[in-house]
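>>> Just to be clear, the model below is a prediction. Sequence and coordinates:
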There are 2 protein chains.
Amino acid sequence: MLKYQEISIEIEKYIEENALQQGDKLPVLETLMAQFAVSKSTITKSLDLLEKKGIIFQVRGSGIFVRRHKRKGYISLLSNQGFKKDLEDFQITSNIIELDVRTPTEEAAHNLNIEPNADVYYVKRIRYINGQTLCVEESYYNKSIISYLNKEIVSESIFNYIREGLGLKVGFSDSYLHVEKLNDEEANYLGLNKGDPKLYVEGIFHLTNGQPFDFSKVTYNYQQSQFFLQSNGYLL
Amino acid sequence: MLKYQEISIEIEKYIEENALQQGDKLPVLETLMAQFAVSKSTITKSLDLLEKKGIIFQVRGSGIFVRRHKRKGYISLLSNQGFKKDLEDFQITSNIIELDVRTPTEEAAHNLNIEPNADVYYVKRIRYINGQTLCVEESYYNKSIISYLNKEIVSESIFNYIREGLGLKVGFSDSYLHVEKLNDEEANYLGLNKGDPKLYVEGIFHLTNGQPFDFSKVTYNYQQSQFFLQSNGYLL
DNA sequence: TCGATAAATTATACCGGTACAATTACAATA
DNA sequence: TATTGTAATTGTACCGGTATAATTTATCGA
């Protein structure tokens, strides 16, 4: 583990343990430098990471402050961790409907940047949160990257498996979302009615080297669809 | 303008002008250092900024590559620029229904972190995109920060006015979104039907010093609600 | 020709420094 | 008391360096 990552975790833990509130001030840079016995640039990097994550904000000439946000019950849209990470407080389960190797749809092939006749793992599942339907999810995994999958792995955290089991590094993701009306089939899966609101999210997940490995299409139960989102603004 | 910001703009322009595609490689660090005649850390900072904005991604040992994403017609959810910035290609207009000084609702006061009897500017407007209703928007501006507003300013870019006119610096924002069904009034405003899908977004906008100055509640026309979102993953 | 191994390439981590800009605290002044 | 100017505080920009980890390319051996 890198120094600046460790430090950022330490600081986050410190905020947690001391129950610091929005606007509370952290020790100044110089203190932190001394405390962790590293150079200014390393501390700065830790703080930049925390800022990016929305944990703190820094004000020049003034100090470093906690930015406590997150209303309870919201899922953060920022983070590639899949669900397990964000929803530790909740009871998340899932029911795998299909899991097989097949050739991708044209759409999936395009988004995964593979040939139409290449192999993909296809996974269709329903996720539940505290017993309620959360979403219906269809995922296509590039089999030349994700060489093996089974029900056990899929039931646990796929992303963990990709990192730990396969030793791959998850990088960035692009998501596209819009709102529509449910059709019959979707309504059926979610236990809702045709015409009810539907939050639809497409996600393309990439390794750090830029290769897309997962293309997912998710339809959320609107009653469960509370998302959180933050931005730090690029003021150019 | 700071060096690393200028450079990041230059590089972005370079990508644009040379029509570089997803995966195309940029010059290596050393070349960029020489080209812009700055130190490694400055270039690195420019690249980090571009990475944060989703323009590029960097691969250690390999190079710097363009990450071209953005499907056409999607509005980026990340960025504090309000609308004008993201939707330059579109015809955005708005119809201001109300604009006055008043005391905030309890909810608004809470989110703006002000007393219930403090003054706020209240703005209610309908936005149109290419002649279609895009959203109904209610905003509360902390009057002790945004000391003056009028219809002309509101019709133009408020955020520009805040930066240029008032000399304030917009920092970060937190947004919360969920999906519901439209009620009668909302349906009426948007030209839709009661019970139709509703994408509802609450946003709290802060200055760089952490003060919230704008609390907004936006109800989107689901037919127009196509959003884009990206994440760079914090792999700790 | 293929696979393993070594070498070169390339971005990232980390150091420690100077200068500067924004904010805050304080003192002086009216 | 309020205001204005000044100094201290504090984070950010930028430099230039060494070492290292990931990747790609070249080299060698079978």
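Arrived safely.
>>> Near DNA strand D, which residues of chain A are found?
Residues of chain A lying close to DNA strand D by Cβ under 7 Å from any atom of the strand are A:26, A:28-30, A:40-41, A:44, A:47, A:58-64, A:169, A:208-209. Yep, even glycine has a C-beta here, placed from its N, CA and C like the rest.
>>> Now, of the residues you listed, which are buried?
A:26, A:44, A:47, A:58, A:64, A:208 (16 or more other Cβ atoms under 10 Å in any protein chain shown).
>>> Minimum pLDDT in those, which residue is that?
Confidence by pLDDT is poorest for residue A:208 among those, given 94.
>>> If you drop the residues flanking it in sequence, what lies closest to it?
Spatial nearest neighbour of residue A:208, chain neighbours left out: residue A:171 (3.7 Å); criterion: Cβ to Cβ, 6 or more residues apart in numbering or on different chains.
>>> Stretch A:224-234 and chain B, any residue contact?
Yes. Where contact is defined by Cβ under 8 Å from any Cβ of the partner chain, part of stretch A:224-234 touches chain B, namely A:225-234.
>>> Flag the helix or strand of chain A with the lowest per-element mean pLDDT.
strand A:75-76 (a mean of 82; mean pLDDT, DSSP states H and E).
>>> how about that strand against chain B, any contact?
No. Remark: strand A:75-76 sits outside contact range of chain B, by Cβ under 8 Å from any Cβ, the gap being at least 9.4 Å.
>>> before we move on, what about stretch A:36-51?
Yes. Applying Cβ under 8 Å from any Cβ, one finds stretch A:36-51 in contact with chain B at residue A:49.
>>> contacting residues around that stretch?
A:3-5, A:7-8, A:10-12, A:29, A:32-33, A:56-58, A:64, A:232, B:234 (Cβ atoms under 8 Å, 6 or more residues apart in numbering or on different chains).
>>> pLDDT at the residue of chain A found nearest DNA strand C, what is it?
Taking Cβ to the nearest atom of the strand, DNA strand C has its nearest neighbour within chain A at residue A:61, 2.1 Å off. Residue A:61 is assigned 96 on the pLDDT scale.
>>> counting contacts, what elements does the least confident helix or strand of chain A pack onto?
Identification of packing neighbours for strand A:75-76 by 3 or more Cβ pairs under 8 Å, 6 or more residues apart in numbering or on different chains; DSSP states H and E yields strand A:226-231.
>>> per-domain residue ranges of chain A.
Following automatic domain parsing, chain A resolves into domains at A:3-66, A:75-228.
>>> ok, of those, where does mean pLDDT dip lowest?
When I compare the domains of chain A, domain A:75-228 is least confident, with a mean of 90.
>>> Figure out how far that one is from the centre of its chain.
The chain centroid and the centroid of domain A:75-228 are separated by 11 Å, computed with Cα atoms, centre = their mean, to the nearest Å.
>>> Can you give me the end-to-end span of it?
6 Å (Cα to Cα, to the nearest Å).
>>> Name the SS class of the residue of chain A closest to DNA strand C, please.
Of the three states, residue A:61 takes coil under DSSP: H, G, I helix; E, B strand; the rest coil.
>>> before we move on, the earlier item: which SSE is immediately downstream of the least confident helix or strand of chain A?
Later in the chain than strand A:75-76, the nearest helix or strand by DSSP states H and E is strand A:92-102.
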